[in-house]
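Novice: Below is the structure, and that's it, no one-letter string:
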């Protein structure tokens with residue numbers, strides 16, 4: 001069954017990157033002899049990790065040829081049947097069973113992990129289980145009743161899910177709040193925090209809100225401030241919720257250590273936090289979630305907030321999605337329902353009551369869209385997209401106008417002309433700004449979002465075309481265009497720089513400094529602005545357009561969403577949904593109907609054992 005010659009050609013092909021090949025060769029050296037099955041499995045584990053999977057499912061490859069369709073002159077390598085393959089891999093000193101101290105772990109379901117990622121998965125599963133099964137917290141039902149009634153006024157909904165979510169946070173140490181845009185997640189967070197602060201001893205609670213990126217943290221702080229406008233609570237409580245140190249990034253909260261994957265806060269040095277709210281939880285990778293949970297005190301409350309239908313993290317894992325899949329969403333025990341009634345809550349719909357179940361009482365989904373006007377159509381289309389109903393989505397898009405429009409993608413030669421008006425209108429405002437703060441504010445109103453980076457409809461091309469259009473319109477001088485030093489030029493950092501506290505995805509604007517040099521102004525998570533000399537910036541690029549992946553955690557008033565003219569593995573319903581939901585006021589879509597249909601019909605799947613681990617531990 002072994003085909004060493006085939007293996008060598010496959011490993012050296014562009015199917016694998018240098019890291020994949022290096023790891024495979026290291027495993028071969030560790031084993032001490034030639035073993036094509038082990039070498040190729042190791043290379044595939046590494047490749048799968050880079051693609052966002054936390055493990056390699058052997059059933060997808062056992063008994064099959066790899067690659068399935070040989071590229072050019074590259075021959076295929078045929079794996080043995082699964083039973084034979086697993087038996088052989090277990091016999092090597094490289095691969096062990098769960099809890100063995102081996103570089104690779106193969107579990108009973110045929111999932112092959114790097115040991116570190118198997119450990120991350122087990123940490124997340126055990127910590128979530130432990131918190132979900134802890135005893136109910138004590139609270140004063142009379143005080144809770146008064147707060148819940150005032151903070152959550154009467155609603156036309158039969159069941160007030162926002163009130164239930166807040167009550168769950170009061171009652172227990174783990175709560176997950178999920179829902180799409182417009183369902184009031186941040187509105188609910190503001191009120192559940194006020195609820196906690198109003199209870200006896202609440203003034204002593206150490207509360208922090210964290211998000212995966214700086215821009216997500218800044219948007220969280222902004223949304224929280226807006227939610228306080230009609231919050232019926234004391235000025236003391238409002239002041240606590242407006243504190244500048246309340247919101248931060250997960251990395252800053254944990255305490256980054258330059259050039260290390262470890263953080264200052266861990267199980268031995270836990271976070272000084274009593275209540276932690278993690279926003280945009282869908283963006284949190286498996287590794288970061290494991291480290292965050294390990295650093296959280298056992299008696300701290302944890303609230304995960306996010307949209308389970310969005311794209312999973314850029315790095316490996318899909319913790320929020322796996323958790324929601326494992327849980328019985330909006331399902332509650334009899335004890336939960338009794339406690340809720342005791343605090344003045346109404347009856348929970350009978351079909352949502354469950355005496356037992358996986359992660360019962362834990363996951364609350366908000367589904368009522370509170371947006372008004374034309375953007376209501378976005379909710380209907382989002383539901384069709386998440387259901388994979390391409391026909392319904394296309395029909396709805398064909399009937400919309402105004403705030404939500406869809407137009408065929410023009411040919412590549414006409415693409416620049418199609419972009420001209422929108423680029424001059426929106427980015428002209430950025431370049432005409434009289435201050436860096438004004439430029440940043442104008443930049444936050446609009447963005448072009450592309451599904452891909454390369455090609456005639458990718459971000460690289462669109463960023464070049466945008467600058468050409470602005471130069472043609474006389475908004476950028478030719479000498480400044482060449483140097484990239486014109487005022488208002490939007491830049492995005494593309495690598496992490498811990499000493500400068502700049503991270504991949506941070507966005508700022510260039511602004512001349514007394515004509516001698518240029519500074520780059522970045523917003524921070526507290527609503528302020530920080531400056532960095534342009535010469536000190538880590539790797540960066542223009543950001544008139546960015547990929548939908550990079551846009552996660554951001555919102556813009558207006559969005560131009562561009563899908564390519566050719567099929568691509570990245571085109572999935574989660575990607576399209578994420579792009580749609582970056583807009584506050586309007587979305588304009590440029591896409592061919594065939595590509596649009598294929599995108600909506602394609603669901604992104606990530607290999608993981610977390611859902612099974614949560615179901616197993618929840619039932620244990």
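Specialist: On my side now, so go ahead. Only a predicted model underlies this, so the values are computations on that prediction, with no experimental measurement involved.
Novice: Could you check the pLDDT of residue 232?
Specialist: Note on residue 232: pLDDT of 85.
Novice: er, residue 69 I mean
Specialist: Reading off the model, residue 69 has pLDDT 66.
Novice: And the one 3 residues further on, by the same measure?
Specialist: With respect to pLDDT, residue 72 has a value of 59.
Novice: Can you get me a residue count around the closest residue to residue 433 other than its chain neighbours?
Specialist: Among residues not flanking residue 433 along the chain, residue 439 sits closest, at 3.9 Å (Cβ to Cβ, 6 or more residues apart in numbering). In short, each C-beta sits where N, CA and C put it, glycine included. Residues near residue 439, counting by other Cβ atoms under 10 Å, number 24.
Novice: And residue 413, by the same measure?
Specialist: Quick note: residue 413 (other Cβ under 10 Å) scores 8 neighbours.
Novice: swap in the one 10 residues further on?
Specialist: Residue 423 has 26 neighbours, counted by other Cβ under 10 Å.
Novice: Distance of residue 335 relative to residue 348?
Specialist: Distance of residue 335 to residue 348, computed by Cβ to Cβ, to the nearest Å: 12 Å.
Novice: if you count what's nearby, which of those two comes out ahead?
Specialist: Each of residue 335 and residue 348 has its neighbours counted (other Cβ under 10 Å); residue 348 has more, 20 against 13.
Novice: Need the three-state assignment for the nearest residue to the more buried one once chain neighbours are set aside.
Specialist: Leaving out its chain neighbours, the residue that sits closest to residue 348 by Cβ to Cβ, 6+ apart is residue 337, at 5.4 Å. Secondary structure, DSSP: H, G, I helix; E, B strand; the rest coil: residue 337 is helix.
Novice: Is residue 337 in contact with residue 349, as I believe?
Specialist: No - the criterion here is Cβ atoms under 8 Å, and residue 337 misses it with residue 349 at 10.3 Å.
Novice: which one of those two has more residues nearby?
Specialist: Set residue 337 next to residue 349 and count neighbours by other Cβ under 10 Å: residue 337 wins out with 19 against 11.
Novice: Show the residue spans covered by the strands in the stretch 351-500 of the chain.
Specialist: 363-366, 404-407, 446-450, 490-493 (DSSP state E, counting those that start in this stretch).
Novice: Compile the ones you listed into CSV and extend it with columns for mean neighbour count and distance to residue 131.
Specialist: Converted to CSV, those look like this (neighbours: other Cβ atoms under 10 Å; distance: least, Cβ to Cβ, whole Å):
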stretch, mean neighbour count, distance to residue 131
strand 363-366, 23, 13
strand 404-407, 17, 40
strand 446-450, 26, 36
strand 490-493, 22, 34
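Novice: May I see those strands organised as CSV, with mean pLDDT and distance to residue 146 added?
Specialist: As requested, those are exported to CSV (pLDDT from 0 to 100; distance: least, Cβ to Cβ, whole Å):
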stretch, mean pLDDT, distance to residue 146
strand 363-366, 93, 22
strand 404-407, 91, 42
strand 446-450, 96, 44
strand 490-493, 92, 47
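Novice: Output those strands as JSON lines; include the columns distance to residue 196.
Specialist: Below are the strands of the stretch 351-500 of the chain laid out as JSON lines (distance: least, Cβ to Cβ, whole Å):
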{"stretch": "strand 363-366", "distance to residue 196": "16"}
{"stretch": "strand 404-407", "distance to residue 196": "38"}
{"stretch": "strand 446-450", "distance to residue 196": "35"}
{"stretch": "strand 490-493", "distance to residue 196": "35"}
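Novice: so which of the ones you listed gets nearest residue 567?
Specialist: Ranking those by proximity to residue 567 (Cβ to Cβ) places strand 446-450 first, at 15.2 Å.
Novice: tell me the pLDDT at residue 355?
Specialist: For residue 355, pLDDT reads 54.
Novice: actually residue 20, not the one I wrote
Specialist: Residue 20 is given a pLDDT of 93.
Novice: contact partners of the helix or strand where it lies?
Specialist: Here residue 20 is covered by helix 18-31, with elements defined by DSSP states H and E. Contact with helix 18-31 is made by 11-12, 16, 34-35, 38-40, 42-43, 45-47, 50, 92-94, 103-104, as judged by Cβ atoms under 8 Å, 6 or more residues apart in numbering.
Novice: Just give me the neighbour total for residue 528.
Specialist: 11.
Novice: oh sorry, the question was meant for residue 530
Specialist: Neighbour number of residue 530 under other Cβ under 10 Å is 15.
Novice: Same question for residue 270.
Specialist: Applying other Cβ under 10 Å, we find 14 residues neighbouring residue 270.
Novice: now the one 3 residues further on
Specialist: Around residue 273 sit 20 other residues, with neighbours defined as other Cβ under 10 Å.
Novice: Quick check: residue 86 touching residue 108?
Specialist: No - under the criterion of Cβ under 8 Å, residue 86 makes no contact with residue 108, lying 9.5 Å away.
Novice: nearest residue to residue 498 other than its sequence neighbours?
Specialist: residue 258 is the one closest to residue 498 (Cβ to Cβ, 6+ apart), at 4.2 Å.
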